[in-house]
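>>> Sequence and predicted model, in that order:
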Amino acid sequence: MELIEQIVFSFFASIAFGIILNSPRRGIFYCGLAGSMGWVSFWGVNRLVGDLAIANFIGSVVIGLICIYLSRKLRLPVITLNTPAIVPLVPGGAAYMAVRSAVEENYVQGANYMMDVVWTAGAIVLGFMVVKLIENGIKASQMKRLG
């Protein structure tokens, strides 16, 4: 039951953010699909490994791969799909708690939360970078075969 809740809420969060960003209508459903698949992979890895950075890295790789595939199939820019899809992975709660801790003058706890934010954001960026490197490698090998 918890898995179904995770899928549904992440799906609708991605769709809602896609609507806010004025993503193309034909891509909104797929934004939700990619977001929910990325969140479920994050959720599963986090439960197995217990490391937020690794889980966010895997989640962003899954989102990146799905969005590249869907962008070619739907003929949409990748950014219109992966921006709403990444929303479930964004560490908003930890960023809020970091600011709240700083306001309450609990600087050590605030620094701990901020490190969680930095690690999470770094893992997400690294995941997208790895996907882009894979895509560039595939394109280069295809160009060699053609030329």
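The structure has been received and is ready for your questions.
>>> Now the residue nearest the centre of the chain: closest residue in space, sequence neighbours ignored.
Closest to where the C-alpha atoms of the chain average out (CA atoms, centre = their mean) is residue 86, at 3.1 Å. Nearest-residue entry for residue 86: residue 63, 5.9 Å, with adjacent residues in sequence omitted and distances by CB to CB, 6 or more residues apart in numbering. All C-beta spots, glycine's among them, are computed from the backbone N, C-alpha and C.
>>> Tell me the gap between the helix or strand hosting the one you found and the middle of its chain.
Using DSSP states H and E, residue 63 sits in helix 52-74. Chain-centre distance of helix 52-74: 7 Å, with CA atoms, centre = their mean, to the nearest Å.
>>> Buried ones in it, by neighbour count?
52-68, 70-71 (16 or more other CB atoms under 10 Å).
>>> Please apply the same query to stretch 21-31.
Here stretch 21-31 shows 23, 27-28, 30-31 as buried, counting by 16+ other CB under 10 Å.
>>> Walking through the chain, point out its strands one by one.
Along the chain, counting by DSSP state E, no stretch forms strands.
>>> just the helices in it please.
2-20, 25-49, 52-74, 78-85, 92-103, 107-146 (DSSP state H).
>>> residues touching residue 58, list them.
41-42, 45, 127 (CB atoms under 8 Å, 6 or more residues apart in numbering).
>>> Thanks a lot, see you next time.
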